[in-house]
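Visitor: When you get a sec, could you give me coordinates for this:
(chains A and B)
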2 protein chains.
Amino acid sequence: MSATEQWHELAQQLRVDSIRSTTTAGSGHPSSSMSAADLMAVLLYDYLRYDFQQPKAASNDHLIFSKGHAAPLLYAVYKAAGAISDDEMLTLRKFGSRIEGHPVPVLPYVDVATGSLGQGLPISVGIALAGKYLDKLPYHVWTVLGDSEMAEGSNWEAMELGGFYKLSNLIGILDMNRLGQRGQTMLGWNGDEYAARARSFGWHAIEIDGHDLDQINNAYAEAIAQTEQPTLIIARTEKGHGFAEIANKENWHGKALPADMAERAIKELGGERHIIVNVQKPEAGTPATHGERRAVELPRYDKGQTAATRSAYGDALKALGAALPDVVGLDGEVSNSTYAEYFAKAYPERYFEQYIAEQQLVASAVGMQVRGYKPFASTFAAFFARAYDFIRMAAISRANIKLRGSHAGVSIGEDGPSEMALEDLAMMRAVFGSTVLYPSDANQAAQLVALMADQPGIVYLRTTREKTPVIYDSSEKFTIGGSRVTRESSEDQVTVVGAGITLHEALKAYDQLQAEGVTIRVIDAYSVKPIDGATLRAAAQATNGRIVVVEDHWIEGGLGDAVLEAFCGADGVAPQGQPPRVVKLAVRDMPGSGKPDELMEAAGINARHIVAAVKSFLR
Amino acid sequence: MSATEQWHELAQQLRVDSIRSTTTAGSGHPSSSMSAADLMAVLLYDYLRYDFQQPKAASNDHLIFSKGHAAPLLYAVYKAAGAISDDEMLTLRKFGSRIEGHPVPVLPYVDVATGSLGQGLPISVGIALAGKYLDKLPYHVWTVLGDSEMAEGSNWEAMELGGFYKLSNLIGILDMNRLGQRGQTMLGWNGDEYAARARSFGWHAIEIDGHDLDQINNAYAEAIAQTEQPTLIIARTEKGHGFAEIANKENWHGKALPADMAERAIKELGGERHIIVNVQKPEAGTPATHGERRAVELPRYDKGQTAATRSAYGDALKALGAALPDVVGLDGEVSNSTYAEYFAKAYPERYFEQYIAEQQLVASAVGMQVRGYKPFASTFAAFFARAYDFIRMAAISRANIKLRGSHAGVSIGEDGPSEMALEDLAMMRAVFGSTVLYPSDANQAAQLVALMADQPGIVYLRTTREKTPVIYDSSEKFTIGGSRVTRESSEDQVTVVGAGITLHEALKAYDQLQAEGVTIRVIDAYSVKPIDGATLRAAAQATNGRIVVVEDHWIEGGLGDAVLEAFCGADGVAPQGQPPRVVKLAVRDMPGSGKPDELMEAAGINARHIVAAVKSFLR
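Guide: Numbering: from 1, shown residues only, chains lettered A, B, ... in the order given. Down below sits the predicted model:
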């Protein structure tokens, strides 16, 4: 058989398998799989370098299906590579199967979850950045894109950063099948426009007929020959190609073929095949190293001085950089406010400026962790809202990333509400397996930054803009899931729970109440998720079931709700004992500009309001 | 004075005033204001058509500062237009002032809040869509962009939709001052690249020296002469232009000048001026109308049939379209899943496809409501996470928009977690002034859609993919802030609260428990925010302080937390009475693919788990 015949046979197999698995499942996306089958056949035979026996081998290429709904094609590729069996492929979309409706990394060949469109290319940029600048290995990142998803702004963040960083190891394969879910895409088959856009963003662009196997072959050869630019291959294809009844027809998005149609389709495609391709393995290689691992020496702050937790982050990240060669810094063009610049200046080879592109910022972190790095990504806490879908999906990717939001709450002052994160705790708590930290002083912040490095999942650290007193000795230890009882006596009448800037207001309230003969317990709930339920329950019991929670955040979803959580029944079983009466002090009206003190007073979250809330229990 | 001299004098005044206000405030962004002063001077004298006495006049142009941090310049423009006094301008960033650190619509000349970058242009697209296709009025939208923010993918969503819809009434003014917050932007002064990108996205592009007043004048004349394309004017400028000590220098982003420097700067700029420009008023005009307002006739569903609340949304929106000429439909290329297509087909002139660009989807809604329309924007509930920053900012804009998320929770089934909204309730509750609705049957869904039309603020409706039984008669009335006690007796031992699909599980649990001699109260909490606290408190009291809450959502921030909220002290005062013991049943492990029933069982949120949770109270 000629190469062209081989490619064709495999392409037909990929189509047939995409139909077989989706018809068996009764749902899924055969038509979107069929359009890209030729592209994958040539790739698998002649370009992909991947050891399917060792999916984590350092030199393997990466194959990312940004159009995650074409998962049936991806699984057909894995079958053709001998990585999964035909039987397992046919468990598509079944409960308990690894062969999910959209790719997830429970399969070891899948790097990241896709299925929310416009994520695969930004994450690929992260992997390619690691490949070119950190690993310094010759692997390529092959990213299969749908044309509909080119409408996502996130893809243009990837295009601009890919061009800016000259990621010649990144090859986008645009399956331009013209048809979106409910009709034609914005550009249809206008490949010239995609090409013009790609070129204007610094990419090499190649337009081909995506069903012409020789053109595909030539395009891949041209792409891997690039040394200064990423490549976008714009492949004109037909949705449902190979089965005339549905090819290039509307209303066949996301529909499995009924059994009789599937039978006709498989016949038209030449029947079932079970070709196994001996995919070429990459040459062995070892990632470049970036220094020796050694013990972390955290910065220390003296009790009594004032320091902003945001600058403690900067100091601590730099300290991590000195000790941990796998720590990488990323920031969204605000490193002089987040103090990521300390790391950037000390370790420029491990710092990647992401400019004001927060989706790409998080996606690059996800890509970096695919390659085993520990990415710390920072921007203003408010602006992570821009990347929430990426954070949500990162959890589905079982990614280990560290996010740090500076400038939280009304206490940032004059800049006004656009720059105030008031929903970040709610947003980050509602992420699967997340950790949410909110330090109250600089020593604690530094320790928590160090703990973030080894904490799995999505780890979020919220910091405060303003300088606050250092209240803990640098030798004190803090843990994820812990808390600190900062004021405690056997006379405590009410428990006050704060974190970050509001802990300091709680301490002021303690002093004021003490002067009036009222004693309160004060808890620093620096670990918002997981929350220290045991300490909270003990405090509630010791203080007559009275709790005041105070936070610089909207009243919904933040520290207050985290505290209430501690008194609910775990695992669906009724809680023991009476839950406490709780007052939540939080931001409830739209703030404006002003001094931090003025805004905290207006929001009802300063010492005066805490004192009033405590007294309301004692009336 | 020649026109050029007039422009120059005004430009210098705008610079001086930007310095005066920020130096008085002690913070703010004079340098980013100074770069765009010449651009604004020519605009104000000769191009802007705006009646500052009637800021809501239908024919007024719109001036949007996407680079919201240049607010001092915007306020200086308002002063020069006679709209605000010099004294008020100098209250910049003071507590209680309308002259906030970033523009907010507490000033009537400000259409929308900006300050989170990359939002002004997408919102301008929404306004321009309304102008060209709905109002059919000749006003222009002038949008001042920073060059740093061109890194935001959202701006490229705006570029593509602006080009696609041929928004010749939209003029972007790119203040290419080269310097971002912490150094040079990705493209620096490479205006050719910006121009190439703009052209590839279907825009007319003009490159000018942004300090050459005649070039500015010519560019504006050329821009307003366009009839088929939006225009991007790429103006090469200097940050801090006009004051040599800081002009085009790094480290002057976001810094007010100290008093002595301010004095030197004002001297160099020729001193204070108090020119008032007689801004040209637009010709009077009336927006086109789209039919007569009449009574809404909602769809009706028969009790006992099954219907998906997602299709009830489609039916109801179409009914609204027939009755309310100001209702507009928007969707993110999934209208055949969200059933927005019913509206789209019936009222194509009021429907605007936004393709897979969710940030633009929400931004277009914000722009539409600036023009007085009632936009209903729909996509999969999960994908609103992509637009969270836009939703957050829409609240600061005091915008009235209606968002509808379909396909919520694990009950969507086989598609898997990427398509399952499990954080949308948390996200939407934590938005200032938001309303969050989650109907349990089709008649209720239809009524809630009708109520959304007149509900101010950010209103979110969550719907279910699967068909569920119709349990309410079409004549029953529901209210925002209400709930429905669907099972109730004097023997009730435990209260079960559900919403959407879980209400049906609660009703099944009722039947099972009833058969075992256990009676429960079942509450349909279709209004998640505001939650019906009174009904919940009464139920808790009637059922021995025992509540089970069950939801198809992560355990954080959703219905469970909304229910707990009802037992906390309002307004910072200790709650009366003992709060109930609460079991929250919610999703706590990462789901995969499977049948809805399998996934709800695995998540622990079906009738079987509700029965077990109820019994755990009775042991």
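Visitor: now check the helix or strand encompassing residue A:154, is it near chain B?
Guide: Here residue A:154 sits within helix A:153-164, counting by DSSP states H and E. Yes - counting by Cβ under 8 Å from any Cβ of the partner chain, chain B is contacted by helix A:153-164 at A:153, A:154, A:155, A:156, A:157, A:160, A:164. Using the backbone N, CA and C atoms, a C-beta is placed for each residue, glycine as well.
Visitor: Please name the nearest non-neighbouring residue to the residue in the stretch 151-300 of chain A that chain B sits nearest to.
Guide: Nearest residue of the stretch 151-300 of chain A to chain B, counting by Cβ to the nearest Cβ: residue A:153, 2.6 Å away. Leaving out its chain neighbours, the residue that sits closest to residue A:153 by Cβ to Cβ, 6 or more residues apart in numbering or on different chains is residue B:153, at 2.6 Å.
Visitor: right, and that neighbour touches residue A:363 too?
Guide: No - taking contacts as Cβ atoms under 8 Å, residue B:153 lies outside contact range of residue A:363: 10.5 Å.
Visitor: what's the overlap in contacts for these two?
Guide: Each of A:154, A:157 lies in contact with both residue B:153 and residue A:363 under the rule Cβ atoms under 8 Å, 6 or more residues apart in numbering or on different chains.
Visitor: Between these two, which is the more surrounded one?
Guide: residue A:363 (34 against 28; other Cβ atoms under 10 Å in any protein chain shown).
Visitor: So that one belongs to a helix, correct?
Guide: Yes - judged by DSSP: H, G, I helix; E, B strand; the rest coil, residue A:363 forms part of a helix.
Visitor: Give me the nearest residue to it, chain neighbours excluded.
Guide: Residue A:363's closest residue in space is residue A:122 (Cβ to Cβ, 6+ apart), at 3.3 Å.
Visitor: For that neighbour, which residues are in contact?
Guide: Residue A:122 touches A:154, A:155, A:157, A:158, A:359, A:360, A:363, A:364, A:367, A:390, counting by Cβ under 8 Å, 6+ apart.
Visitor: Which residue, neighbours along the chain excluded, lies closest to the residue of the stretch 451-600 of chain A found nearest chain B?
Guide: Residue of the stretch 451-600 of chain A nearest chain B, by Cβ to the nearest Cβ: residue A:594 (3.1 Å). Excluding the flanking residues, the one nearest residue A:594 by Cβ to Cβ, 6+ apart is residue B:95, at 3.1 Å.
Visitor: On the three-state scheme, the one you found is what?
Guide: coil.
Visitor: For it, report the pLDDT, please.
Guide: At residue B:95 the predicted local confidence, pLDDT, stands at 98.
Visitor: That one contacts residue A:598, doesn't it?
Guide: Yes - using Cβ under 8 Å, residue B:95 is in contact with residue A:598, at 4.2 Å.
Visitor: helices or strands next to the longest helix along chain A in the packing?
Guide: Under DSSP state H, the helix in chain A containing the largest number of residues is helix A:3-25. The elements that helix A:3-25 packs onto, with contact taken as 3 or more Cβ pairs under 8 Å, 6 or more residues apart in numbering or on different chains; DSSP states H and E, are helix A:30-34, helix A:37-42, helix A:71-80, helix A:86-89, helix A:213-224, helix A:259-268.
Visitor: can those helices go into JSON lines with extra columns for mean neighbour count, mean pLDDT and distance to chain B?
Guide: JSON lines is the format used below for the helices and strands packed on helix A:3-25 (neighbours: other Cβ atoms under 10 Å in any protein chain shown; pLDDT from 0 to 100; distance: least, Cβ to the nearest Cβ, whole Å):
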{"stretch": "helix A:30-34", "mean neighbour count": "30", "mean pLDDT": "98", "distance to chain B": "13"}
{"stretch": "helix A:37-42", "mean neighbour count": "27", "mean pLDDT": "98", "distance to chain B": "21"}
{"stretch": "helix A:71-80", "mean neighbour count": "28", "mean pLDDT": "98", "distance to chain B": "9"}
{"stretch": "helix A:86-89", "mean neighbour count": "15", "mean pLDDT": "98", "distance to chain B": "14"}
{"stretch": "helix A:213-224", "mean neighbour count": "19", "mean pLDDT": "98", "distance to chain B": "20"}
{"stretch": "helix A:259-268", "mean neighbour count": "15", "mean pLDDT": "98", "distance to chain B": "17"}
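Visitor: With that, I have no additional questions.
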